[in-house]
Structures are given as structure tokens and as C-alpha cells.
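Novice: next come a sequence and a model predicted from it.
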Amino acid sequence: MVLDFLGQSAAANAYLLAQVARGALDRDDIAGPMIGSYRAGTLDGVCIVGSNLVISEPASDAAIDAFAEYARRQGIPFWVAVGPDATMDRFLTAYGRDTRKIHLERGSQLLYELVAQDLDEAYRSDTLRPALTEDLEALVALDLRMVSEEIGFDPFAQVQEAYRQGWLRRVRERRAWVVGPVGGELTFKVDQSAVSDHAIQLAGIYTVPESRGQGLARTATGEMCHRLLRSCPRITLYVHRENAPAVALYERLGFRARGEVRSAWFKV
């Protein structure tokens with residue numbers, strides 16, 4: 001039932017589908033409790049509440065309000081809340097924007113989807129490789145550089161070890177990919193933040209400033225997409241609509257806009 005419900009909007013529900021694939025329906029220690037809202041015996045919304053709080057598409061108003069009440073009552077200190085734009089706006093209102101300090105709320109981000117027939121296969125790279133444990137420190141430093149550049153602060157300052165362990169898990173699962181010598185300076189990274197048979201979500205696509213303007217992000221991201229679409233039906237990501245270079249890059253590769261996303265980063 002849950003997979004069928006989430007599969008209605010697989011692009012929007014990539015993160016939730018990935019947590020189901022990891023076993024989150026039966027284990028709260030995977031990514032936090034995964035809860036559902038039912039109306040007359042029919043599922044009308046899904047939410048997971050861990051370090052990330054993510055709400056499904058679709059979710060009824062009653063479901064959104066119930067998820068907000070649950071999150072407030074349980075007091076789970078999630079780092080970031082993410083969901084469809086209007087859904088997350090309603091959630092934050094019901095949860096209370098003053099309940100916890102919000103560092104940054106960003107609405108109307110573009111949700112993109114790429115399927116194999118739309119991929120421009122002209123963009124390939126022979127330098128993209130999976131990150132190894134020898135790259136961990138450089139990878140963490142590069143991600144912090146990206147996050148600070150994008151949102152203007154370090155949201156992980158109080159949870160550094162959990163943050164580092166999350167990256168170690170991605171490396172061990174071959175979900176973090178980079179350009180640069182093993183154990184040396186990295187110039188590009190991309191990670192698969194959510195993986196399931198339904199969709200793979202990309203995140204953290206970043207080129208160091210001194211290597212921009214050379215087509216590195218275009219060829220490396222194209223290579224990543226080419227590899228992934230051999231075995232999965234779609235790739236998704238979301239991006240701030242005012243990030244014109246990134247929007248142009250993704251659309252050049254063949255990504256198509258499928259909706260809007262809102263996220264809120266909380267003080268932890």
C-alpha cells in the first residue's frame with residue numbers, strides 16, 4: 001500500500017521511497033519514524049521524522065496538520081524539513097514557525113526529473129569516480145564549503161560527528177562521486193542522497209570556484225546520469241530557481257521541471 005501510494009509521484013517521493021527500500025517501515029533507527037495518515041481506511045499522506053523531516057506528495061491537509069502535531073509533540077530535533085512547496089508551507093504554519101529557530105526557509109525550488117529518453121548523451125566524463133574512504137576528509141570539507149556558499153551558514157556545527165558518519169556511509173555505499181586524485185584535492189562532487197528501484201535523487205552537485213566555466217559539472221553530472229539510468233527509471237533533484245547556471249545545466253542535460261519544493265533549515 002505504501003509503495004503504491006508513494007509511487008503515484010515517484011519523482012517527488014524519491015527520498016521516502018529510498019527509506020522504504022532501506023527498511024524504514026519496520027525500523028525507526030533507519031531514518032526516524034515513518035508515519036502515515038489514513039482517512040476512512042485509505043492512506044492520504046506519509047511522513048518520516050528523523051534528521052530530515054520529509055512529507056509525501058500527495059498529502060491531504062488533515063495529514064499535514066497531523067504530521068505537524070506529531071513532530072511538535074514528539075520533539076524530534078530534525079535538521080531540515082522538506083516537501084512540496086504548498087505542503088511544507090502548511091506544515092510550517094501548523095508546526096509553528098516560532099516553535100524552533102529556523103535558520104533559512106526557501107520556497108519555490110524547482111523539482112526536476114530526468115528519464116533515459118531525455119538524457120543528452122553528449123556529455124560524458126572519464127574522470128568521475130566513486131569516492132573512497134581516503135577522500136572522506138576532503139569530501140566533508142568540500143560539502144561544508146558548498147553548504148556555506150549556498151545558504152550562508154554551517155547547519156551541522158552542533159552535529160559534526162553525525163554529519164561525518166553520514167558521509168562515511170555514502171562513501172561505503174558508493175553513493176558519493178568525485179573528480180580529483182584519491183586522497184588529494186577534489187574539484188567536483190555529486191552524491192546520491194536517495195536510492196530506490198523507483199528513483200535516484202542527486203544532491204550536492206558542486207564544482208570548486210576555481211574550476212568553474214570549464215564544463216566540468218556538465219560532463220561529470222552527465223556521466224553520473226548516464227551510469228544511473230542504465231538501471232533506474234528516473235533521476236530527480238531540486239534546485240533554487242534563482243541559481244541560473246545550475247538550472248541551465250540541468251535543462252541542457254535533459255531534466256524537466258515537475259513541481260516545486262520548500263525546505264526549512266532549523267537550528268539544532
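Specialist: Ah, there it is.
Novice: what's the average pLDDT for stretch 243-255?
Specialist: Mean pLDDT, stretch 243-255: 97.
Novice: kindly apply the preceding question to stretch 174-187 instead.
Specialist: 98.
Novice: then that stretch to CSV, C-alphas only?
Specialist: Presented in CSV, the C-alpha positions along stretch 174-187 are these (Å, rounded to 0.1, in the frame of the first residue of the first chain):
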residue,chain,number,x,y,z
ARG,A,174,29.3,4.1,-3.4
ARG,A,175,26.8,7.0,-3.4
ALA,A,176,29.4,9.8,-3.3
TRP,A,177,31.2,10.5,-6.6
VAL,A,178,34.1,12.9,-7.1
VAL,A,179,36.6,14.3,-9.6
GLY,A,180,40.2,14.5,-8.3
PRO,A,181,43.1,12.3,-7.2
VAL,A,182,42.5,9.7,-4.4
GLY,A,183,43.3,11.3,-1.1
GLY,A,184,44.0,14.6,-2.8
GLU,A,185,42.3,17.8,-3.7
LEU,A,186,38.8,17.4,-5.1
THR,A,187,37.3,19.7,-7.7
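Novice: hmm, who's touching it?
Specialist: With contact meaning CB atoms under 8 Å, 6 or more residues apart in numbering, stretch 174-187 is reached by 125, 127-132, 134-135, 138-139, 142, 167, 170, 188-193, 195, 207-208, 211, 216, 220, 224. Where C-beta positions appear, they are placed from N, C-alpha and C, glycine not excepted.
Novice: filter those residues down to the buried ones and hand me the ChimeraX line.
Specialist: Burial among these is assessed by 16 or more other CB atoms under 10 Å; the matching ChimeraX selection reads:
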select :125,128,129,131,135,138,139,142,167,170,188,189,190,191,192,193,195,207,208,216,220,224
